[in-house]
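Participant: need a structure here:
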Amino acid sequence: MRALLAAVMSGILFFLSQGVADVWPLGWLAPMPLLWFAYGDAPRWQVFLASLAGFALGQAYLAQCYWGQLPPAVIVPLIVAMSVTFAIAVVFSGEALRRGSSWGTLVAFPALYTALEYLIGIVSPHGSFGALGYAQVSFPAGVQVAALFGVHAVTFLLCLCANAVALLLRRRWTQGGAGIALCALALVCGLVRLAEAEGARVRVAALADTETRNAQHRQHTLASEETAAQTYATYIGQLKDVRVVAIPEGAVQMQAGDENVVLAPLAAAARASGATVVVGTFTPEPAQNRAFVFLPDGTVETYEKRHLLAPFETEIPGRDPGFLGAGYATQICKDMDFAGTVRATAGHVVRLMIVPADDFGRDKWIHARMAVMRGIENGFAVLRSAFDGLETISDAQGRVLVSAPTSQAGMVAVQADVPLGSGPTLYTRVGDLFPYVCALLSFLVGARMLVWKRVRRTIAHLLVAPSTDDPV
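Facilitator: Numbers count the residues shown, from 1 in each chain. As a prediction, the model looks like this:
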């Protein structure tokens with residue numbers, strides 16, 4: 001009964017904090033019921049199965065977002081991998097406590113799960129999608145540690161907090177109190193970073209017109225393609241003092257060789273308005289998913305999407321970093337799920353990232369917050385416009401200045417004066433060092449458990465061994 005109760009409680013907390021409900025405070029406690037259960041006298045197999053079931057239950061939000069839109073083969077392997085690694089980390093932490101390592105127990109769970117979460121992100125075709133740290137993007141003070149060590153450092157904090165509470169409930173006052181104190185210190189540092197002076201502001205805008213996109217899907221004619229580009233160009237002409245415009249992924253669809261004709265209105269709008277215009281385009285044959293960038297001086301840059309969503313996207317991935325100069329860069333949708341890819345681009349000193357995207361409707365904030373996290377990690381503001389999602393403008397500390405859903409009829413437009421980021425952070429420079437430190441901590445805790453087990457066996461053997469001296 002206790003196993004079932006712990007699994008259900010954690011599952012609900014994970015579901016509400018990670019999913020569309022976005023109840024982020026619950027993320028700090030989500031693993032706690034299962035950790036509390038692990039620190040009791042339950043058999044290891046019960047702890048493993050309860051942890052596996054509890055975490056998997058929490059990931060039901062993925063089915064809520066993508067059921068009927070993505071095949072199970074896309075999502076199920078990710079859920080299984082995360083659930084198994086979570087269960088392993090909980091059992092590992094329970095063993096640390098059983099073998100007399102109270103201080104090791106404090107870091108055992110957060111360190112091992114963080115290391116395993118990072119490993120999943122390396123091998124997964126979805127990058128870091130599903131990382132626990134994304135659940136805190138709506139709480140800026142709680143995610144500033146990402147500027148030091150990336151999203152996985154936020155995951156570590158969440159796991160540390162839940163673990164500390166579980167230890168307190170098991171009357172491990174010193175270790176639990178130390179864990180809470182470390183989390184509180186991280187939040188104070190986050191508040192300090194949020195209070196730092198802002199950079200120069202630039203007026204930016206995100207545009208999206210779903211009806212125009214749908215018309216292109218129905219008609220597939222040169223006239224519909226030209227109409228799409230002209231619709232956005234006309235609206236850009238009505239904007240005041242806007243210096244950067246983002247238009248969603250695949251907003252203009254065209255045949256190969258028609259680029260100059262179809263996109264001419266957007267090039268003219270960029271010159272006339274003095275704005276940099278980034279528009280997502282799609283060419284069916286050969287399949288190309290690109291962003292065209294029109295600069296005010298008439299220069300045209302192109303960027304090809306580097307990370308594709310199989311099996312839907314069959315284009316050849318691009319290789320260029322997407323740096324546009326003057327502190328601007330662009331990525332397309334799923335590219336922002338890959339921290340390493342974005343970090344390499346951020347090394348060019350990016351202060352504003354412009355992101356055309358296309359989402360799945362119900363996942364609008366879940367996917368948008370991943371792009372916001374990349375801005376925190378690397379010190380740049382984010383301008384993102386997504387069909388079937390959100391238009392968002394966020395600063396380099398992850399504060400969303402304005403957002404709007406793009407599912408409504410007609411042109412959806414948001415504008416804001418966003419402070420440019422300061423550029424490369426410590427995370428941009430050192431990369432994913434923190435998960436490797438977590439892996440080392442896990443190894444040390446595991447090694448101590450093995451050594452302690454042998455020491456106990458040796459002592460027990462000595463105590464029970466018969467004496468070799470004959471009595472006189």
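
Participant: Any idea how many residues pack against the nearest residue to Ser10 once chain neighbours are set aside?
Facilitator: The shortest distance from Ser10 to any non-neighbouring residue, by C-beta to C-beta, 6 or more residues apart in numbering, is to Gly54 (3.9 Å). All C-beta spots, glycine's among them, are computed from the backbone N, C-alpha and C. Gly54: 29 surrounding residues under other C-beta atoms under 10 Å.

Participant: for the helix or strand hosting Gly54, which positions count as buried?
Facilitator: When secondary structure is defined by DSSP states H and E, Gly54 falls within helix 44-58. For helix 44-58, the buried set under the neighbour-count rule, 16 or more other C-beta atoms under 10 Å, comprises Gln46, Val47, Phe48, Ala50, Ser51, Leu52, Ala53, Gly54, Phe55, Ala56, Leu57, Gly58.

Participant: Now name the helix or strand holding the nearest residue to Met336 once chain neighbours are set aside.
Facilitator: Residue nearest to Met336 in three dimensions, not counting chain neighbours: Ala371, with 4.3 Å by C-beta to C-beta, 6+ apart. Ala371 is part of helix 364-378 when elements are defined by DSSP H and E.

Participant: Quick one: residues contacting the most centrally placed residue in the chain.
Facilitator: Among the residues of the chain, Met370 comes closest to the average C-alpha position under C-alpha atoms, centre = their mean, at 3.7 Å. By C-beta atoms under 8 Å, 6 or more residues apart in numbering, Met370 lies in contact with Ser128, Phe129, Tyr134, Met336, Asp337.

Participant: Let me know the pLDDT of it.
Facilitator: Here the pLDDT value assigned to Met370 is 98.

Participant: the helices in the stretch 1-150 of the chain, which residues?
Facilitator: 2-18, 32-38, 44-58, 60-66, 72-98, 102-123, 146-149 (DSSP state H, counting those that start in this stretch).

Participant: which helices and strands sit right next to the shortest one?
Facilitator: Spelled out, that is helix 146-149. Applying 3 or more C-beta pairs under 8 Å, 6 or more residues apart in numbering; DSSP states H and E, we find helix 146-149 packed against helix 364-378, helix 426-430, helix 433-464.

Participant: rewinding a little: wait, the residue nearest to Met336 sits on Val355?
Facilitator: Yes - Ala371 is within contact range of Val355, at 5.6 Å (criterion: C-beta atoms under 8 Å).

Participant: Counting neighbours, go ahead and name the busier of those two.
Facilitator: Between Ala371 and Val355, counting by other C-beta under 10 Å, Val355 is the more crowded of the two (30 against 25).

Participant: Low-confidence stretches in the stretch 151-300 of the chain?
Facilitator: Residues of the stretch 151-300 of the chain meeting the criterion pLDDT under 70: none.

Participant: thinking again about what came up before, make a markdown table from the helices and strands packed on helix 146-149 and add distance to Ser93 to it.
Facilitator: Listed next are the helices and strands packed on helix 146-149 as a markdown table, based on distance: least, C-beta to C-beta, whole Å:
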| stretch | distance to Ser93 |
| --- | --- |
| helix 364-378 | 26 |
| helix 426-430 | 26 |
| helix 433-464 | 9 |
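
Participant: Out of those, the one nearest Ala186 is which?
Facilitator: Comparison of the helices and strands packed on helix 146-149 against Ala186 by C-beta to C-beta identifies helix 433-464 as nearest, at 12.7 Å.

Participant: My guess is Arg44 contacts Gly94. True?
Facilitator: Yes - applying C-beta under 8 Å as the test, Arg44 and Gly94 come out as touching, 7.3 Å apart.

Participant: which residues does the nearest residue to Glu198 once chain neighbours are set aside form a beta bridge with?
Facilitator: Distances taken as C-beta to C-beta, 6+ apart put Pro419 closest to Glu198, at 3.9 Å, once the chain neighbours are dropped. Beta-bridge pairing for Pro419 (DSSP bridges): Arg201.

Participant: Specify the local secondary structure of Val261.
Facilitator: Secondary structure, DSSP: H, G, I helix; E, B strand; the rest coil: Val261 is helix.

Participant: Next up, the contacts around it.
Facilitator: Here Val261 is in contact with Leu222, Glu226 (criterion: C-beta under 8 Å, 6+ apart).

Participant: if we go to 10 Å?
Facilitator: By C-beta atoms under 10 Å, 6 or more residues apart in numbering, the contact set of Val261 is Leu222, Glu225, Glu226, Ala229, Met254, Gln255.

Participant: Any figure for the gap between it and Glu225?
Facilitator: Val261 sits 9 Å away from Glu225 when distances are taken as C-beta to C-beta, to the nearest Å.

Participant: Please, where are all the strands along the stretch 101-250 of the chain?
Facilitator: Ranges of strands within the stretch 101-250 of the chain are 201-209, 244-253, based on DSSP state E, counting those that start in this stretch.

Participant: Could you say which of those strands is packed most deeply?
Facilitator: For the strands of the stretch 101-250 of the chain, the largest average neighbour count (mean count of other C-beta atoms under 10 Å) is found in strand 244-253, namely a mean of 26.

Participant: from the middle of its chain, how far away would that one be?
Facilitator: Centroid separation between strand 244-253 and its chain, computed with C-alpha atoms, centre = their mean, to the nearest Å, is 22 Å.

Participant: Can you get me the start-to-end distance on stretch 394-406?
Facilitator: Stretch 394-406 has an end-to-end distance of 17 Å (criterion: C-alpha to C-alpha, to the nearest Å).

Participant: Quick check: nearest residue in space to Ala344, chain neighbours excluded?
Facilitator: Pro321 (6.1 Å).

Participant: Name the residues of stretch 414-426 that come out as buried.
Facilitator: Within stretch 414-426, the residues scored as buried using 16+ other C-beta under 10 Å are Val414, Gln415, Ala416, Val418, Pro419, Leu420, Gly421, Ser422, Gly423, Pro424, Thr425.

Participant: What separation is there between the spatially closest residue to the second one that is not a sequence neighbour and Val278?
Facilitator: Meaning Gln415. Closest residue to Gln415 apart from its sequence neighbours, by C-beta to C-beta, 6+ apart: Ala205 at 4.5 Å. From Ala205 across to Val278, the span is 11 Å (C-beta to C-beta).

Participant: Next, show the common contact partners of the two.
Facilitator: Shared contacts of Ala205 and Val278 (C-beta under 10 Å, 6+ apart): Val244, Val245, Ala246, Ile247, Leu383, Ser385.

Participant: what is in contact with Arg44 and Gly94 at once?
Facilitator: Contacts common to Arg44 and Gly94, judged by C-beta under 10 Å, 6+ apart, are Ala38.

Participant: Could you verify that Glu391 is part of a strand?
Facilitator: Yes - assessed with three-state DSSP, Glu391 lies in a strand.

Participant: mind listing the helices for the stretch 201-350 of the chain?
Facilitator: In the stretch 201-350 of the chain, the helices defined using DSSP H, counting those that start in this stretch lie at 210-219, 222-238, 259-273, 339-346.

Participant: coming back round to it: correct me if wrong: the residue nearest to Glu198 contacts Gly379.
Facilitator: No - Pro419 is not in contact with Gly379 according to C-beta atoms under 10 Å; the separation is 11.3 Å.

Participant: Find residues that contact each of those two.
Facilitator: Joint contacts of Pro419 and Gly379 (C-beta under 10 Å, 6+ apart) are Gly199, Arg351, Ala396, Gln397.
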